[in-house]
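A.B. asks: no sequence on this one, just coordinates:
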DNA sequence: CTGAAAGCGCTTACAG
DNA sequence: CTGAAAGCGCTTACAG
């Protein structure tokens, strides 16, 4: 299919020669230029030549000329976190619908936003989605100064009005309500790291929901996890040592909940008999552990979708603050039950 | 830091004007051209101007000129599969070391290699890593015809000599040996999908290891999973219904093993008392489920690393077949024990 | 020691 | 209806 021997790719000039027209005509036919007046016969010759030669426009040349790359960047902290897997999927789907490439990369403490940007150089992406905690305010202002649109995904930042997030307060509220409706009054929170934006919002939602239901909010009922299973394991031990032991715990993420269940087993505390457990986020796996975990399912794909949609229409100096309103529901399984 | 008001980015011409030299001099200073003879004083003026203006080369222009993008593509079937998360991490690390961007994307039944390539257009990547089963032989030959180097990662393909894989046969052998050393003689296999390359190699390794230890290889002791937890759950039920119930099972991947443990609980079969379970791959999570899963830890990061290393040095017509020789070991936890 | 010039492959305003 | 020309921002062989 491709022209002759490998080595040189087909360019517009090749197609033009074959179709017997100027390069510019090929370009306009392919871009669907409406102001182009062309005989059907000529158009057909052009399209045939394109097909026969397997022509595909050179991305670098097009970008250099148009100053648009057709690429968006997505920076995440960790591929191993299934939360980001879902966000990526949603984002890729919309990007593909819009004939746009999504360039996903990871950054962490070692390799932060700065090193990612060094790699990207200038003009590799038309905009940047930043999911997670790795970007400093200075770095973001640097992006703005460079004229590169960016958008925070799944986090907010003081003094920056460019984010799309989920309703983490509401998720916490749903979890607490589920536990209250089961009859629980001593409801603990296994909170994520205080530096994490989602953790802050889930903790805030937890406290608000307790108050709303007329319950006290003793600080002894909150323990911290770093969002890992190990962290959840250790934090659950803390809760079990508290003055008054809770009968239920709202856990800020899945991995911590799995660690928490482990701690309960270790200590011979029956779940859900002596301790109900509900966590934010859902995965097929949690149906298969014991007890199967009750969760609050979050619209993560929708979050990724909206991220790309908003970023596509965002100028470098625009602002946007959006809370995704996708479906969010409590998936009741075995790990929650009335207190006994 | 960036020059003046946002809108136009700094180009070589801006830097040249500031430093009072020709654009070509700036370019050669930055690229470290050894044949460039330049006074220290001039060099310093150039570097100062670069720094003061925050100049970064335009990627598209450089690519158009050099025909190199400094970008490698990595195509995976599914971000939610932690196996690929590890491969990506290894690949990104090496790519960053080599000042190269890794563009990761996913393709599946709906959006296959073809649509990914359509998005990439021409000249977006210097090479392509393909991890998983989504590429047909025709598509690969198309890449070769286009002069684009590619490499299969974690899979082989008949008639194509361009892959880097793990030693799945050896992993299966280690698992079987662990079970044999515990005293098991009725060892089943919960195999991955017959279409999957890794699944085939693990199944082959399983059979070879049984024979090596002088054990029979009855086909009734193999059941199929689609690599999901649900699949493992269903497949375990099949094994439990077999004529002679095995005392141990070697499971082809983690998710299936978690489903299999669930099936055992459901049927009241004690693990490891009545059934030992060992699976390929390892994750922090499996330490926290009950029973904590015995696994064969695979050098997935090393696989990603080698993928990028090999691809970087690969011409479009070269061949390479490599088995990664990273550390691979049995992590003994609670799910395996002597038969009772 | 440094500069002028060509050209990578496109797109698009303009000319006829 | 179609073509000629300029120019996006680099790199590099060549000239002096």
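C.D. replies: Yes, it's here. All of these numbers come straight from a predicted model, not from anything done at the bench. Numbers count the residues shown, from 1 in each chain, chains lettered A, B, ... in the order given.
A.B. asks: all helices of chain A, in order?
C.D. replies: Secondary structure of chain A (DSSP state H): helices at A:12-19, A:23-31, A:40-53, A:59-66, A:82-97, A:113-120, A:137-145, A:168-182, A:197-212, A:229-240, A:254-266, A:300-312.
A.B. asks: now, of those, which is deepest in the fold?
C.D. replies: With neighbours defined as mean count of other Cβ atoms under 10 Å in any protein chain shown, the helices of chain A peak in mean count at helix A:254-266, which reaches a mean of 25. Placement of C-beta: from N, CA and C, glycine included.
A.B. asks: is chain B contacted by it?
C.D. replies: Yes - using Cβ under 8 Å from any Cβ of the partner chain, helix A:254-266 reaches chain B at A:255, A:258-259, A:261-262, A:265.
A.B. asks: circling back to that earlier point, could the helices of chain A be laid out in JSON lines, adding mean pLDDT?
C.D. replies: JSON lines is the format used below for the helices of chain A (pLDDT from 0 to 100):
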{"stretch": "helix A:12-19", "mean pLDDT": "90"}
{"stretch": "helix A:23-31", "mean pLDDT": "90"}
{"stretch": "helix A:40-53", "mean pLDDT": "89"}
{"stretch": "helix A:59-66", "mean pLDDT": "93"}
{"stretch": "helix A:82-97", "mean pLDDT": "94"}
{"stretch": "helix A:113-120", "mean pLDDT": "70"}
{"stretch": "helix A:137-145", "mean pLDDT": "85"}
{"stretch": "helix A:168-182", "mean pLDDT": "98"}
{"stretch": "helix A:197-212", "mean pLDDT": "97"}
{"stretch": "helix A:229-240", "mean pLDDT": "97"}
{"stretch": "helix A:254-266", "mean pLDDT": "98"}
{"stretch": "helix A:300-312", "mean pLDDT": "97"}
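A.B. asks: Mind putting those helices into JSON lines with distance to DNA strand D?
C.D. replies: Below are the helices of chain A laid out as JSON lines (distance: least, Cβ to the nearest atom of the strand, whole Å):
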{"stretch": "helix A:12-19", "distance to DNA strand D": "7"}
{"stretch": "helix A:23-31", "distance to DNA strand D": "3"}
{"stretch": "helix A:40-53", "distance to DNA strand D": "4"}
{"stretch": "helix A:59-66", "distance to DNA strand D": "4"}
{"stretch": "helix A:82-97", "distance to DNA strand D": "24"}
{"stretch": "helix A:113-120", "distance to DNA strand D": "14"}
{"stretch": "helix A:137-145", "distance to DNA strand D": "17"}
{"stretch": "helix A:168-182", "distance to DNA strand D": "42"}
{"stretch": "helix A:197-212", "distance to DNA strand D": "36"}
{"stretch": "helix A:229-240", "distance to DNA strand D": "46"}
{"stretch": "helix A:254-266", "distance to DNA strand D": "44"}
{"stretch": "helix A:300-312", "distance to DNA strand D": "22"}
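A.B. asks: Just put those helices in JSON lines and tack on distance to residue B:35.
C.D. replies: Formatted as JSON lines, the helices of chain A follow (distance: least, Cβ to Cβ, whole Å):
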{"stretch": "helix A:12-19", "distance to residue B:35": "32"}
{"stretch": "helix A:23-31", "distance to residue B:35": "36"}
{"stretch": "helix A:40-53", "distance to residue B:35": "39"}
{"stretch": "helix A:59-66", "distance to residue B:35": "26"}
{"stretch": "helix A:82-97", "distance to residue B:35": "43"}
{"stretch": "helix A:113-120", "distance to residue B:35": "26"}
{"stretch": "helix A:137-145", "distance to residue B:35": "35"}
{"stretch": "helix A:168-182", "distance to residue B:35": "58"}
{"stretch": "helix A:197-212", "distance to residue B:35": "52"}
{"stretch": "helix A:229-240", "distance to residue B:35": "55"}
{"stretch": "helix A:254-266", "distance to residue B:35": "55"}
{"stretch": "helix A:300-312", "distance to residue B:35": "44"}
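A.B. asks: Do I have it right that residue A:192 meets residue A:202?
C.D. replies: Yes - taking contacts as Cβ atoms under 8 Å, residue A:192 lies within contact range of residue A:202: 6.8 Å.
A.B. asks: Now the common contact residues for the two.
C.D. replies: residue A:252 (Cβ atoms under 8 Å, 6 or more residues apart in numbering or on different chains).
A.B. asks: how long is stretch A:183-194 end to end?
C.D. replies: Taking Cα to Cα, to the nearest Å, the first and last residues of stretch A:183-194 lie 29 Å apart.
A.B. asks: Other residues contacting it?
C.D. replies: A:176, A:179-180, A:198-200, A:202-203, A:206, A:210, A:215, A:221-227, A:232, A:235-236, A:239, A:242, A:244-253, A:256-257, A:260, A:276, A:338-339.
A.B. asks: Please name the residues that touch the spatially most central residue of chain A.
C.D. replies: Centroid-nearest residue in chain A, with Cα atoms, centre = their mean: residue A:87, separated by 3.2 Å. Counting by Cβ under 8 Å, 6+ apart, residue A:87 touches A:74, A:76, A:131, A:153-154, A:300-301, A:303-304, A:307.
A.B. asks: what about 7 Å?
C.D. replies: A:131, A:153-154, A:300, A:303-304 (Cβ atoms under 7 Å, 6 or more residues apart in numbering or on different chains).
A.B. asks: Ok, residue A:172 next?
C.D. replies: By Cβ under 7 Å, 6+ apart, residue A:172 lies in contact with A:202, A:205-206, A:209, A:250.
A.B. asks: from these, which two are the most distant?
C.D. replies: A:202 and A:209 (10.4 Å; Cβ to Cβ).
A.B. asks: Up against DNA strand C, what does the stretch 51-200 of chain A have?
C.D. replies: Counting by Cβ under 7 Å from any atom of the strand, the residues of the stretch 51-200 of chain A close to DNA strand C are A:55, A:57-58, A:61-62, A:64-66.
A.B. asks: contacts with chain B among those residues, please.
C.D. replies: Restricting those to those within reach of chain B (Cβ under 7 Å from any Cβ of the partner chain) leaves A:57-58, A:61, A:64.
A.B. asks: Residue A:272 reaches residue A:291, doesn't it?
C.D. replies: Yes - between residue A:272 and residue A:291 a contact is recorded at 6.2 Å, counting by Cβ atoms under 7 Å.
A.B. asks: Chain neighbours aside, what residue packs nearest to the residue nearest to the centre of chain A?
C.D. replies: Distances taken as Cβ to Cβ, 6 or more residues apart in numbering or on different chains put residue A:304 closest to residue A:87, at 4.0 Å, once the chain neighbours are dropped.
A.B. asks: How much space separates the one you found from chain B?
C.D. replies: Computed as Cβ to the nearest Cβ, to the nearest Å, the residue A:304 to chain B distance reads 10 Å.
A.B. asks: same check, this time on residue A:194
C.D. replies: Residue A:194 is 22 Å from chain B, by Cβ to the nearest Cβ.
A.B. asks: ok, so what distance separates that residue from residue A:77?
C.D. replies: Distance from residue A:194 to residue A:77, counting by Cβ to Cβ, to the nearest Å: 16 Å.
A.B. asks: Who has more neighbours out of those two?
C.D. replies: Comparing residue A:194 with residue A:77 by neighbour count (other Cβ atoms under 10 Å in any protein chain shown), the higher total belongs to residue A:77, at 18 against 9.
A.B. asks: residues touching the more buried one, list them.
C.D. replies: A:106-108, A:132-134.
A.B. asks: For the residue nearest to it when sequence neighbours are not counted, which residues are in contact?
C.D. replies: Nearest non-adjacent residue to residue A:77, counting by Cβ to Cβ, 6+ apart: residue A:132, 3.8 Å away. By Cβ under 7 Å, 6+ apart, the contact list for residue A:132 reads A:76-77, A:155.
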